[in-house]
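Peer 1: sequence plus the predicted model coming up.
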Amino acid sequence: MKYRTFGRTGWKISEIGYGTWGMGSWTGSDDEESMRSLQLAADLGCNFFDAAWAYGRGKSEDLIGQL
């Protein structure tokens, strides 16, 4: 995974981000499958996850929190 420095913070953020829109329960997603894909992304070095309250009323944030 390649990383970039986030502004002046010094944080190393993965160039590839993971969008969690499809993990909102209203899309018919499966929580176990979502967790497996989140874990794989993290294992591969991803540390940038895009989530929003609108993605299943916080469902994506809950899954990321479990990760």
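Peer 2: Everything's here; your move.
Peer 1: report the rounded mean pLDDT for stretch 7-16.
Peer 2: The predicted model gives stretch 7-16 an average pLDDT of 97.
Peer 1: show residues contacting it.
Peer 2: Residues outside stretch 7-16 that contact it (C-beta atoms under 8 Å, 6 or more residues apart in numbering) are 1-6, 45-48. Backbone N, C-alpha and C define where each C-beta goes, glycine included.
Peer 1: switch the cut-off to 6 Å
Peer 2: Residues outside stretch 7-16 that contact it (C-beta atoms under 6 Å, 6 or more residues apart in numbering) are 1-4, 6, 45-48.
Peer 1: ok, stretch 23-42 next?
Peer 2: Defining contact as C-beta under 6 Å, 6+ apart, one finds that stretch 23-42 is touched by 18, 22, 55-56, 59-60, 63, 67.
Peer 1: let me have the contacts of stretch 7-16 in TSV, extended by secondary structure and neighbour count.
Peer 2: What follows is the contacts of stretch 7-16, written out as TSV (DSSP: H, G, I helix; E, B strand; the rest coil; neighbours: other C-beta atoms under 10 Å):
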residue	secondary structure	neighbour count
1	coil	12
2	coil	8
3	strand	14
4	strand	11
6	strand	11
45	coil	13
46	coil	17
47	coil	15
48	coil	17
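Peer 1: before we move on, the earlier item: who wins for neighbours among the contacts of stretch 23-42?
Peer 2: When the contacts of stretch 23-42 are compared by neighbour count (other C-beta atoms under 10 Å), residue 60 ends up highest, at 27 neighbours.
Peer 1: in the longest helix seen in the chain, what counts as buried?
Peer 2: Among the segments of the chain that qualify as a helix by DSSP state H, the longest is helix 31-43. Neighbour-count burial for helix 31-43, counted by 16 or more other C-beta atoms under 10 Å, picks out 34, 37-38, 41.
Peer 1: residue farthest from the centroid of the protein?
Peer 2: For the chain, the C-alpha lying farthest from the average C-alpha position belongs to residue 8; by C-alpha atoms, centre = their mean, that distance is 22.9 Å.
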